[in-house]
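Enquirer: Model the structure of this input:
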Amino acid sequence: MVILLCSTFSLTTGKAAMTKKQLVTKDNDLIGASYSLGVAEQRLIFLAIIEAREQNKLIDVGKPLRIYAKSYEQQFSVEKHTSYEAMKRAVEGLYEAGFSYIKIDKASGKPITYKSRWVDKIGYADELGCVELTFASDVIPLITRLDSCYTEYELQQVSSLQSEYAIRLYELIIQWRAVGKVPKLELQELRNKLGVNPDQYKEMHNFKARVLDLALKQINDHTDITATYEQHKTGRKVTGFTFTFKQKPSAKAVAKGANPARDTDTPDMFNDMTDSQIATFSSKLARLPELGNDAPIGGSTDDYATLIATHLADPVKQKKYHKHLDKLGYKPKKSKA
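Expert: Predicted structure coming up:
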């Protein structure tokens with residue numbers, strides 16, 4: 001299966017097309033993994049994840065994904081003459097790169113650390129202006145076939161970020177969107193997750209200036225959240241950080257003077273659904289044709305309903321179902337003025 005990554009470009013007319021929101025979805029084990037990738041390498045992974053999702057196809061083991069420079073150019077506002085060369089260098093970088101992640105062993109309940117490469121094979125065609133990559137078998141279940149414990153965000157939120165640390169920090173932060181605060185990360189753990197090499201920015205003032213402060217400025221300037229950090233010390237030595245953040249008000253909310261916490265495109269948050277309501281409406285939602293594309297491959301309707309039930313209990317993931325809940329007759333409890 002070869003997938004052409006041209007989601008923002010019409011293959012029939014050759015003109016830019018209006019598209020739905022492009023969502024990056026990753027397993028939380030991958031969000032919390034330790035790796036060092038440049039901006040271009042991370043962008044290639046984003047495009048592959050989105051295209052596989054939009055075409056409602058799994059990335060089969062051993063099958064390549066083909067990514068055209070035109071898609072990269074349009075999505076990330078890169079100059080036409082540099083987009084292909086950036087992709088070519090990036091796919092070479094992915095071939096050399098690896099990552100480590102932790103999973104809990106189901107039998108023992110103990111954590112196991114795994115190491116994997118990102119790709120098994122790469123290719124590039126100068127005359128076609130495209131690159132190909134074949135994801136390693138360990139990567140595929142971390143970016144597709146997701147049914148729980150994953151993080152999802154709009155690609156546009158990271159499209160303007162120019163620092164690899166900013167991209168990684170945004171992902172680490174947004175994983176905790178429901179609570180607005182990231183639990184304390186020990187210094188070495190944070191460095192590993194951000195991909196800071198052991199010989200880089202050893203002095204704390206350099207680490208904060210070149211990594212954290214730079215990343216947070218880009219996040220605060222270009223994404224949908226505003227974040228700050230607090231450093232924790234053992235004696236006089238900084239040993240860890242916590243991050244707090246809040247959602248920025250949408251442009252529509254500001255224009256209308258609306259409550260910034262409310263998305264004007266959807267009904268109010270349904271955070272207070274009872275267990276009985278979740279059970280009832282998850283079953284109904286699982287049977288809606290318009291949600292059929294999100295159903296787990298090979299799973300039953302009851303399996304899909306169980307997955308939706310976990311989403312309805314999550315104040316962030318629940319949001320995607322608001323208009324469907326309204327269609328099915330769910331009436332949220334009105335808040336007191």
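Enquirer: any idea how far the residue of the chain most remote from its centre is from I31?
Expert: Centroid-distance maximum for the chain: G235 at 36.3 Å, with Cα atoms, centre = their mean. Relative to I31, G235 is positioned 32 Å away (Cβ to Cβ, to the nearest Å). Backbone N, C-alpha and C define where each C-beta goes, glycine included.
Enquirer: do the same with K121
Expert: 25 Å.
Enquirer: now do Q318
Expert: In terms of Cβ to Cβ, Q318 sits 20 Å off from I31.
Enquirer: just E186 next, same as before
Expert: The separation that E186 has from I31, given Cβ to Cβ, amounts to 17 Å.
Enquirer: Which one's more surrounded, these two?
Expert: I31 (18 against 12; other Cβ atoms under 10 Å).
Enquirer: and the more buried one, what is it in contact with?
Expert: Counting by Cβ atoms under 8 Å, 6 or more residues apart in numbering, I31 touches T151, E171, L172, Q175.
Enquirer: redo that, cut-off 6 Å
Expert: If you count contacts by Cβ atoms under 6 Å, 6 or more residues apart in numbering, I31 has them with T151, E171, Q175.
Enquirer: Among the residues you listed, name the buried ones.
Expert: Burial by neighbour count, judged by 16 or more other Cβ atoms under 10 Å, picks out T151, E171, Q175 from these.
Enquirer: Which single one of those is nearest to S108?
Expert: The closest of these to S108 turns out to be Q175 (Cβ to Cβ; 25.0 Å).
Enquirer: my read: that closest one touches T151, true?
Expert: Yes - checked against Cβ atoms under 6 Å, the pair Q175 and T151 is within contact range at 4.7 Å.
Enquirer: Specify the next element, helix or strand, located C-terminal of the helix or strand of the chain with the lowest mean pLDDT.
Expert: The weakest-scoring helix or strand in the chain, judged by mean pLDDT, DSSP states H and E, is helix 251-256 (a mean of 42). Counting by DSSP states H and E, the next helix or strand C-terminal to helix 251-256 is helix 275-285.
Enquirer: Can you name every helix or strand that that following helix contacts?
Expert: The elements that helix 275-285 packs onto, with contact taken as 3 or more Cβ pairs under 6 Å, 6 or more residues apart in numbering; DSSP states H and E, are helix 301-312.
Enquirer: pLDDT of the helix it packs on, averaged?
Expert: For helix 301-312, the mean pLDDT works out to 78.
Enquirer: Using CSV, list the CA coordinates for it.
Expert: Extracted in CSV, the C-alpha atoms of helix 301-312 (Å, rounded to 0.1, in the frame of the first residue of the first chain):
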residue,chain,number,x,y,z
THR,A,301,-20.1,-2.6,17.6
ASP,A,302,-19.9,-3.4,21.3
ASP,A,303,-16.1,-3.0,21.2
TYR,A,304,-16.6,0.3,19.6
ALA,A,305,-19.2,1.3,22.2
THR,A,306,-16.8,0.4,25.0
LEU,A,307,-14.1,2.6,23.4
ILE,A,308,-16.5,5.5,23.0
ALA,A,309,-17.5,5.1,26.7
THR,A,310,-14.0,5.8,27.8
HIS,A,311,-13.9,8.9,25.6
LEU,A,312,-17.2,10.2,27.0
